[in-house]
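>>> okay, predicted coordinates and the sequence, questions at the end:
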Amino acid sequence: MILSGRVSDAGLMARLRSGEELELAGAFSEGIYFTGPGGMVMLHDTQYGCLPFGIAIPGFSGLSRAVGANCGQRASLRPEGIFSPGTGLCIYTGFEPVPSPAAVRPSLENLESLRERFTSALGACGRSALLPYCGYPHPSVSKAEIRDEFARAGFEALSLLGGALGAADAVRVREALQGLLGLGRGLTPSFDDFITGLLVTLEHASSVWGLKHPALGFLAQEVSALAPLRTNRFSAAYLLAAARGGDFSLMRNCLELRPSADSLTALLGVGSSSGSDMLCGMVYALGAVSELLHCCLLYTSPSPRDCS
């Protein structure tokens, strides 16, 4: 089967040129995962946007099982694309680099508007059990009020994370992550998706909004260190990509100051709850960014926070 796909990540393009050999790690409804010395490579439908480790292929949904993909089958990366004789897939790729968004400094009103839109969309969607954790720095309800057992199990760790981020406390951030990573249902557990959304939003705030949260650096470092140990390799691929500042276009589109309804719909449509759980993490992160911006507005040289 000969198909065409696109790559948006320069690092993945470099891997294609290297001639790296891969092994099929898993085939699921959302795509096919290969793994190699450079990490994970995913073949997925364009409906999932651009992923840092993904090759986006139009009309690929459902094909992962139709092609008879089995774990252990080999594939090769080449400058022209990815070729897997065992599955019969020949994917020719083109490079479409991520556009650089224009730098803009949001107002507190902009950030609150985003939080309200995201929270409203999550409530209407009703697919995430993590909605009570949209509140920052603490959950919006008591532990006893959370019905979902996995969501309830993360209460103490998520509460710890909020205080740790606000205090820029690396030790407590690590402790919180140890209680969250790998927790939840699905191929990408719910709290992994939440942390992915948190990282992507804090990175966007730093690179596009000029609001660098002081915890971003060590949060990313701790996620990179812990993810391979605390969760499965498929979910770890998303976390590792987010920790290194990779582009997830569906989330990036939602972080425009006036995102379209289509952008929110696209993200919320990812997986059974993955997109919703990521959006919960994004709302949580916006609370942290709002706190940072408020501090920047109050003080000329805020400490310990860094607004540049």
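Everything's here; your move. Please read these numbers as outputs of a predicted model, since none were measured by experiment. Numbers count the residues shown, from 1 in each chain.
>>> low-confidence ranges in the stretch 51-200 of the chain?
Within the stretch 51-200 of the chain, no range satisfies pLDDT under 70.
>>> quick one: the helices in it?
If DSSP state H, counting those that start in this stretch is used as the criterion, the helices of the stretch 51-200 of the chain fall at 63-66, 108-125, 149-153, 155-167, 170-180, 190-207.
>>> before we move on, what about the stretch 201-308 of the chain?
Remark: helices assigned in the stretch 201-308 of the chain by DSSP H, counting those that start in this stretch are 216-230, 233-243, 249-254, 261-268, 274-298.
>>> reformat those as a markdown table; add mean pLDDT and mean neighbour count.
Where C-beta positions appear, they are placed from N, C-alpha and C, glycine not excepted. A markdown table is the format used below for those (pLDDT from 0 to 100; neighbours: other C-beta atoms under 10 Å):
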| stretch | mean pLDDT | mean neighbour count |
| --- | --- | --- |
| helix 216-230 | 98 | 18 |
| helix 233-243 | 98 | 24 |
| helix 249-254 | 97 | 22 |
| helix 261-268 | 97 | 18 |
| helix 274-298 | 95 | 23 |
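>>> ok so, going back, give me whichever of the helices of the stretch 51-200 of the chain is most buried.
helix 190-207 (a mean of 26; mean count of other C-beta atoms under 10 Å).
>>> now that helix - C-alpha only, CSV.
The C-alpha trace of helix 190-207 is given here as CSV (Å, rounded to 0.1, in the frame of the first residue of the first chain):
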residue,chain,number,x,y,z
SER,A,190,-5.5,10.2,31.9
PHE,A,191,-2.9,12.0,34.1
ASP,A,192,-0.3,11.4,31.5
ASP,A,193,-2.5,13.3,29.0
PHE,A,194,-3.1,16.0,31.7
ILE,A,195,0.7,16.5,32.2
THR,A,196,1.2,16.6,28.4
GLY,A,197,-1.3,19.4,28.2
LEU,A,198,0.3,21.2,31.1
LEU,A,199,3.8,21.0,29.5
VAL,A,200,2.6,22.1,26.1
THR,A,201,0.8,25.1,27.5
LEU,A,202,3.7,26.2,29.7
GLU,A,203,6.1,25.9,26.8
HIS,A,204,3.7,28.0,24.6
ALA,A,205,3.5,30.6,27.3
SER,A,206,7.3,30.8,27.4
SER,A,207,8.0,30.8,23.6
